[in-house]
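Colleague: Any chance you could fold what I've pasted below:
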Amino acid sequence: MNTKTKGNLAEDKACEFLIKKEYKILKRNFYFKGGEIDIIAFKNHTIHFIEVKSGSSFEPIFNITPSKIKRIIKGANIYMQKTKLNKAFCIDALIIKDNNIEHIKNITLI
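Modeller: I've put the predicted structure just below:
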């Protein structure tokens, strides 16, 4: 299975998880110059820009680097401008390792 297929499967699992937690999925794979945001979701008056990482032989969270967070923030600002939304937002990580899913909210504060 190639990397793109694995990523799509992880994002599918992530969306299922978020929907069960009563998030509304606004957009998947939002592309902008210089990057991509995996999932954009909405819950409790807040937009969540979510980076999905998965793996089994390593800790997926370590693939979210400071430069990746900067790109996500850039993309979040572009999305907010394009959609003209005036809502609170945060950057989250959704980590899938084996069959476990961990949602880490507001990773820019960690």
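
Colleague: Would you agree residue 75 is in contact with residue 29?
Modeller: No: taking CB atoms under 8 Å as the contact criterion, residue 75 and residue 29 are not neighbours in contact, 11.0 Å apart. Using the backbone N, CA and C atoms, a C-beta is placed for each residue, glycine as well.

Colleague: nearest residue to the most centrally placed residue in the chain other than its sequence neighbours?
Modeller: In the chain, the C-alpha closest to the average C-alpha coordinate belongs to residue 50, at a distance of 1.7 Å (CA atoms, centre = their mean). The shortest distance from residue 50 to any non-neighbouring residue, by CB to CB, 6 or more residues apart in numbering, is to residue 39 (4.2 Å).

Colleague: OK, contacts around the one you found?
Modeller: Contact analysis of residue 39 by CB atoms under 8 Å, 6 or more residues apart in numbering lists 11, 14-15, 18, 25, 27-28, 48-50, 52, 94.

Colleague: of these, buried ones?
Modeller: With burial judged by 16 or more other CB atoms under 10 Å, the buried subset of the contacts of residue 39 is 11, 14-15, 18, 28, 48-50, 52, 94.

Colleague: and the lowest-mean-pLDDT helix or strand in the chain, which residues are buried?
Modeller: Sorted by mean pLDDT, DSSP states H and E, the helices and strands of the chain end with helix 3-20, the least confident at a mean of 87. In terms of neighbour count (16+ other CB under 10 Å), helix 3-20 has its buried residues at 10-11, 13-15, 17-18.

Colleague: one step back: quick check, pLDDT for the residue nearest to the centre of the chain.
Modeller: At residue 50 the predicted local confidence, pLDDT, stands at 97.

Colleague: Who is it paired with across the strands?
Modeller: Beta bridges link residue 50 to residue 39, residue 92, judged by DSSP bridges.

Colleague: check contacts around it.
Modeller: Residues in contact with residue 50, defined by CB under 8 Å, 6+ apart, are 14, 18, 37-41, 91-94.

Colleague: Tell me the one among the residues you listed nearest to residue 71.
Modeller: Distance to residue 71, by CB to CB, is smallest for residue 37 among these, at 8.7 Å.
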